[in-house]
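Participant: just to be clear, the model below is a prediction. Sequence and coordinates:
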Amino acid sequence: MHTKENSCCCSFEDCKLTTEWLLSRTRHRPKIAVVCGSGLGLLADSVSNKQIIHYEDIPNFPVSTVPGHEGCLVFGQIKGESCVFMQGRFHLYEGYSLCKVTFPVRIFKLMGVETIIVTNASGGLCQDFKVGDIMVIKDHINLPGFAGQHPLCGPNDERFGIRFPCMSDAYSKDLRKLVLDITAELGYSNFVREGVYCMVSGPNFETIAEARMLHILGSDSVGMSTVPEVTVAKHCGLRVLGLSLITNKVSLDYSREEKVNHEEVLHISKMRAEMLQNMLMTFIARSHQVETINNNNCIFSNTV
Ligand SMILES: O=P(O)(O)O[C@@H]1C[C@H](O)[C@@H](CO)O1
């Protein structure tokens, strides 16, 4: 029987059960995982030798409830590199605990993944950003974490990672450099930026006063995901690349009339997915150029 309720399912044994289930159903052994943000499921289109497994069939996995998040794992290869795409992620505002939201990250680690690429749609706070820009995430602000909504709260299992992980280097400098080199080669530099992503819980978009506050705090973009996944990935020693598509400009000005909505977010994501896909394909093909350092605190690596 698969449990689909929102009980905590993140014990090492639960993760092991799900991992063993997946390993017994696929011959793919991915080294790279990609989390597709809102409307970005198309990123998995270029995968060859595809095998699709629906979340609802996977023991302990949550299911997607948000439009633009399909709800399946896509295993396969990109330019000979074995990868898995999460077409659809989980959010705190859906009612899932952060332990459920980040569950797939630990499964990827147990399956042997070394690098995770986390993508999202976000609102631009930096006044220089334009709709359609792609922001390479260099750092984040974990706003829900400040209020105790943190995926690592609770007993720490040392098999995943240490109690007090360092987050000052959560986004690999080497991977950021590689992706920036690739964007220059592709001629994309005029719409690729670097910046700080701030997570809010959602589900409402920000008030103008909130947006002004986030901007003053040093956030270049704001969204409702990514930070829990990145935190858990760093905790268990995965290398992280974060890419944020700016789908709307967040209003800091009471005189502006535009109003953001989810349909617009999905529309812009779909329009830009091809560019992001080109970046990702080249990045995945060349990611082995960046040496794998086990920056981890985690002692299990492939013990399943
Ligand atoms: O999953 P992501 O972070 O890409 O989704 C963003 C944030 C909300 O879920 C939604 C708002 O339109 O898009």
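Facilitator: Here it is on my side, so go on.

Participant: residue ranges for the strands of the stretch 1-150 of the chain, please.
Facilitator: Per DSSP state E, counting those that start in this stretch, the stretch 1-150 of the chain carries strands over the ranges 32-36, 48-54, 72-78, 81-87, 115-124, 134-142.

Participant: for the ligand, find the nearest of these.
Facilitator: Evaluated over the strands of the stretch 1-150 of the chain, closeness to the ligand peaks at strand 115-124, with 3.7 Å, by CB to the nearest ligand atom. Where C-beta positions appear, they are placed from N, C-alpha and C, glycine not excepted.

Participant: contacting residues around the residue lying closest to residue 218 once chain neighbours are set aside?
Facilitator: Closest residue to residue 218 apart from its sequence neighbours, by CB to CB, 6 or more residues apart in numbering: residue 196 at 5.7 Å. Taking CB atoms under 8 Å, 6 or more residues apart in numbering, we find residue 196 in contact with 137, 138, 139, 140, 141, 218, 219, 220, 221.

Participant: could I get the strands of the stretch 1-150 of the chain as TSV with mean pLDDT, mean neighbour count and distance to residue 104?
Facilitator: Listed next are those as TSV, based on pLDDT from 0 to 100; neighbours: other CB atoms under 10 Å; distance: least, CB to CB, whole Å:
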stretch	mean pLDDT	mean neighbour count	distance to residue 104
strand 32-36	97	26	8
strand 48-54	96	13	12
strand 72-78	96	21	8
strand 81-87	96	24	6
strand 115-124	97	26	10
strand 134-142	98	21	19
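
Participant: dump those into JSON lines; add distance to the ligand as well.
Facilitator: Formatted as JSON lines, the strands of the stretch 1-150 of the chain follow (distance: least, CB to the nearest ligand atom, whole Å):
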{"stretch": "strand 32-36", "distance to the ligand": "8"}
{"stretch": "strand 48-54", "distance to the ligand": "18"}
{"stretch": "strand 72-78", "distance to the ligand": "15"}
{"stretch": "strand 81-87", "distance to the ligand": "10"}
{"stretch": "strand 115-124", "distance to the ligand": "4"}
{"stretch": "strand 134-142", "distance to the ligand": "12"}
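
Participant: C-terminal to the helix or strand harbouring residue 230, what's the next element?
Facilitator: Per DSSP states H and E: residue 230 is located in helix 227-235. Scanning forward in sequence from helix 227-235 by DSSP H and E, the next helix or strand is strand 239-249.

Participant: just the buried residues of that next one, please?
Facilitator: 239, 240, 241, 242, 243, 244, 245, 246, 247, 248, 249 (16 or more other CB atoms under 10 Å).

Participant: then stretch 150-157?
Facilitator: Residues of stretch 150-157 classed as buried: 151, 152, 157 (neighbour count, 16+ other CB under 10 Å).

Participant: swap in stretch 164-183?
Facilitator: If you call a residue buried by 16+ other CB under 10 Å, then stretch 164-183 has these buried ones: 165, 167, 170, 171, 172, 175, 176, 178, 179, 180, 182, 183.

Participant: same deal with stretch 247-264?
Facilitator: Buried residues in stretch 247-264, counting neighbours by 16+ other CB under 10 Å, are found at 247, 248, 249, 250, 251, 252, 262.

Participant: now for those: which two are most distant?
Facilitator: Farthest apart among those by CB to CB are 252 and 262. That separation is 20.8 Å.

Participant: out of the buried residues of stretch 150-157, the closest to the ligand would be?
Facilitator: Nearest to the ligand among these, with distances taken as CB to the nearest ligand atom, is residue 151, at 15.3 Å.

Participant: as a quick check, tell me the outermost residue of the chain.
Facilitator: Using CA atoms, centre = their mean, the residue of the chain lying farthest from its centre is residue 255. It sits 33.6 Å away.
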